[in-house]
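> I need the structure of the sequence given here:
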Amino acid sequence: MNMPDPQAFAANWLSQFTDPSAWQGWINMMPTVPGMPAMPAMPAMPAVGNMAPMLDFLKNAGAGIAPGKLEAIRDDYLKKGARLWQEFISGKTPELHDKRFSASEWTSNPMSAFSAASYLLNSEFLLAMADAVEAGAREKQKIRFTVQQMVDAMSPANFFATNPEAQKKMIETKGESLTKGLSNMLADLQKGRISQSDESAFEVGVNVGATPGQVVYENALFQLIQYTPTTPNVRTVPLVMIPPCINKFYILDLQPENSLVRYVVEQGNTVFMVSWRNPGRELGNLTWDDYVEQGAIRALDVVGEITGQDKAHVFGFCVGGTIAATALAVLAERGRHPAASLSLLTTLLDFSDTGVLEVFVDETQVALREQHLGAGGLMPGRDLATTFSALRPNDLVWNYVQQNYLKGKEPPAFDLLYWNADSTNLPGPMFCWYLRNTYLENKLKVPGALTVCGVPVDLGNIEAPVFIYGSKEDHIVPWQAAYASMGLLNPKNPRANRFVLGASGHIAGVINPASKNKRSYWVNDGAAKGKGKAKVKSDLEWLDGATENKGSWWPEWARFLAEHGGAEMAAPAQGSERYRPLEPAPGRYVKARGD
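From the prediction side, this is the model:
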């Protein structure tokens with residue numbers, strides 16, 4: 001099937017947000033509604049025509065729609081379009097059930113209301129066609145994703161000529177909002193990305209990434225931070241946190257009230273953090289093996305030498321969890337079991353269900369990456385950021401186009417979005433290995449299918465109690481995919497595994513401070529009870545028996561760490577005779593910008 005490359009498409013699409021004419025060819029794909037006049041030639045107000053462009057797109061993708069389904073979609077559109085037109089000529093304001101058009105300006109002007117209603121109807125039509133295509137599940141998902149990108153971009157809210165809120169703002173400010181919006185857009189074009197937060201409000205090491213500590217070790221790949229204890233006594237088992245190498249570790253150490261690092265330090269833990277280096281050209285040849293051996297394994301060895309403990313709590317978040325679990329499997333094959341426990345947050349070990357990211361991975365796309373980057377080079381952080389923004393374009397792209405450019409507003413200060421814009425590069429060989437062996441071929445879950453650091457990898461050989469967290473609305477690591485790790489770890493002792501499900505998404509679900517008592521989480525304590533060898537429940541069985549609790553899941557994790565944390569001892573000094581403090585936390589590696 002001749003599928004479009006969604007990653008290239010998304011990057012190209014988002015780079016053209018200032019050029020409405022780029023989408024003009026997609027306007028004329030709606031079936032004719034008798035009596036309805038042509039709309040003005042704007043992406044937000046599609047001109048009526050025929051299905052040919054959309055059908056041509058599907059044909060080029062090697063997909064089609066059964067004639068009966070196509071006729072039914074057309075008939076439904078014609079009926080709804082005729083009804084909308086009748087409402088318009090009778091003076092009835094259409095209802096707009098979409099938050100993009102919730103402001104009163106959209107319904108106070110009949111043309112604006114009709115523009116938005118027409119757009120929503122046309123969007124429904126295009127997505128219905130995408131859903132009706134006869135293709136495999138993966139191909140169908142890619143087609144829908146591509147059409148959704150087009151639909152979102154064509155919203156009348158995205159263009160000044162069809163956005164009544166922006167027009168009103170211009171009149172109220174006597175044109176100042178338009179001037180400011182142009183200035184904002186030019187500044188973002190210089191930066192090469194859309195501003196999502198007031199970046200002047202934050203500085204790494206001052207009000208984000210500011211938990212006190214010392215860098216006690218560094219190599220070419222990472223710095224190791226040891227945080228300053230805040231309690232007179234700590235548990236003997238230290239905690240080693242391995243964050244994702246995509247973006248930076250301080251997502252776990254935002255402002256003090258949002259800092260997971262600060263929280264676990266306050267719970268009486270000796271906490272170490274891996275701060276990955278933002279690779280430049282000189283590190284463009286690093287491999288997955290390097291991240292495992294010279295990253296995670298080296299960090300565990302240094303922590304053991306500093307603390308004198310032969311075991312540590314091992315924590316991994318997102319791809320950091322994949323690296324951590326791989327490292328422990330490598331060490332198990334070598335006869336070592338250094339984990340007192342393993343905590344995995346929104347982590348994939350079984351890549352059977354990769355959510356919407358699946359649209360970016362197929363043999364053609366991975367082979368292309370290997371051709372360009374497999375032997376060396378960098379995957380730019382900017383490209384990764386574009387990919388993730390494309391997953392939620394209305395929230396992460398078009399919302400800011402409307403607010404920053406059309407209305408001339410400054411984005412508010414938001415620590416999480418400041419972090420989101422602080423992107424990092426990835427070494428090409430590491431990135432290509434990761435794409436092929438996990439996302440594409442899903443080999444990590446198969447015992448012995450992969451060789452890492454010279455030994456076969458079997459996740460089932462890791463000997464440690466496990467805490468697994470998934471977020472219910474996660475579009476990057478679906479919670480069911482996070483839960484799938486329950487069947488891979490401790491296969492002979494599944495009662496050693498614990499799963500907690502939190503509300504919200506990939507990041508917001510994780511960063512849910514206990515002090516704020518927001519959202520909720522689910523546990524199923526009965527899943528690990530019973531006699532004999534326990535059978536791992538399916539994700540739906542687990543959820544059916546789960547209990548919802550109000551507030552943050554952080555205390556659940558704190559109790560898990562305490563249960564496996566050993567006896568208490570006096571809080572130690574930072575570093576050791578061999579590993580003397582090098583510089584204050586957060587260190588210089590985290591401050592290197594990717595752009």
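
> CA atoms for contacts and neighbours, from now on please.
OK.

> Can you show me the strands along the stretch 201-350 of the chain?
In the stretch 201-350 of the chain, the strands defined using DSSP state E, counting those that start in this stretch lie at 213-218, 222-227, 233-235, 239-242, 271-276, 312-317, 339-345.

> low pLDDT regions in the protein?
Within the chain, the stretches with pLDDT under 70 are 1-62, 527-534, 595.

> Show me the residue at the heart of it, geometrically.
residue 476 (4.9 Å; CA atoms, centre = their mean).

> That one is in contact with residue 357, isn't it?
Yes: at 6.4 Å, residue 476 counts as touching residue 357 under the criterion of CA atoms under 8 Å.

> Count the residues that sit near residue 179.
Other residues near residue 179 number 17, with proximity taken as other CA atoms under 10 Å.

> Show me what the helix or strand containing it packs onto, helices and strands only.
According to DSSP states H and E, residue 179 maps onto helix 176-191. Under the contact definition 3 or more CA pairs under 8 Å, 6 or more residues apart in numbering; DSSP states H and E, helix 176-191 sits against helix 164-172.

> How about residue 377: what's its closest non-neighbour residue?
Spatial nearest neighbour of residue 377, excluding adjacent residues (CA to CA, 6 or more residues apart in numbering): residue 284 at 4.5 Å.

> Can you give me the distance of the one you found to residue 379?
Applying CA to CA, to the nearest Å, the value for residue 284 to residue 379 is 9 Å.

> Could you pull out the residues contacting both of the two?
426-428 (CA atoms under 8 Å, 6 or more residues apart in numbering).

> possible to save the residues you listed as JSON lines with secondary structure?
Converted to JSON lines, those look like this (DSSP: H, G, I helix; E, B strand; the rest coil):
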{"residue": "426", "secondary structure": "strand"}
{"residue": "427", "secondary structure": "strand"}
{"residue": "428", "secondary structure": "helix"}
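
> list the contacts for residue 393?
Contacts of residue 393 by CA under 8 Å, 6+ apart are 149, 152.

> run the last query once more with 10 Å
Applying CA atoms under 10 Å, 6 or more residues apart in numbering to residue 393 gives the contacts 10, 14, 148-149, 152-153, 386-387, 399-400.

> follow-up on the earlier one: now list whatever residues contact both of residue 476 and residue 357.
With CA under 10 Å, 6+ apart, residue 476 and residue 357 have common neighbours 388, 391.

> Stretch 526-544 spans what distance, first to last residue?
End residues of stretch 526-544 are separated by 11 Å (CA to CA).

> ah, wrong one, I meant stretch 132-142
Across stretch 132-142, first to last residue, CA to CA, it's 13 Å.

> What residues of that stretch count as buried?
By neighbour count with 16 or more other CA atoms under 10 Å, stretch 132-142 contains the buried residues 132-133, 135, 139-142.

> Out of the strands of the stretch 201-350 of the chain, which gets nearest to residue 581?
strand 213-218 (4.5 Å; CA to CA).

> Strand 271-276 and that closest one, what's the angle between them?
Inter-element angle recorded for strand 213-218 and strand 271-276: 60 degrees (by axes from the mean of the first three to the mean of the last three CA atoms, to 10 degrees).

> who does strand 213-218 touch, helix- and strand-wise?
strand 222-227, strand 271-276, helix 298-307, strand 583-584 (3 or more CA pairs under 10 Å, 6 or more residues apart in numbering; DSSP states H and E).

> And the contacts of that strand?
Residues contacting strand 213-218 (CA under 10 Å, 6+ apart): 223-229, 271-277, 295, 298-299, 302-303, 306, 574-576, 578-589.

> For ChimeraX, what selects the buried ones among those?
The ChimeraX selection below is limited to those of the contacts of strand 213-218 classed as buried (16+ other CA under 10 Å):
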select :223,224,225,226,227,228,229,271,272,273,274,275,276,277,295,298,299,302,303,306,574,575,579,581,582,584,585,586,587,589
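
> Tell me the buried residues in whatever helix or strand residue 541 lives in?
Here residue 541, judged by DSSP H and E, is contained in helix 539-544. Of all the residues in helix 539-544, those buried under the rule 16+ other CA under 10 Å are 542-543.

> could I get the next helix or strand along the chain from it in PDB with only the CA atoms?
Sequence-wise, the next helix or strand downstream of helix 539-544 (DSSP H and E) is strand 547-550. This file holds the C-alpha atoms of strand 547-550, laid out as PDB (Å, rounded to 0.1, in the frame of the first residue of the first chain):
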ATOM      1  CA  THR A 547     -11.000   0.700  43.100                       C
ATOM      2  CA  GLU A 548     -10.900   4.500  42.400                       C
ATOM      3  CA  ASN A 549      -9.100   6.700  44.900                       C
ATOM      4  CA  LYS A 550      -9.200  10.500  44.900                       C
END
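
> buried stuff in strand 547-550?
Buried-residue list, strand 547-550, by 16+ other CA under 10 Å: empty.

> same for that strand, what does it pack against?
Strand 547-550 packs on strand 497-502, strand 520-523, going by 3+ CA pairs under 10 Å, 6+ apart.

> Work out the sheet partners of the first one and label each with its direction, please.
Strands that pair with strand 497-502, judged by DSSP bridges, come out as strand 466-471 (parallel), strand 520-523 (antiparallel).

> So which residues make contact with the shortest one?
When contacts are taken as CA under 10 Å, 6+ apart, the neighbours of strand 520-523 outside the stretch itself are 469-472, 498-504, 509, 512, 542-543, 545-554, 556.
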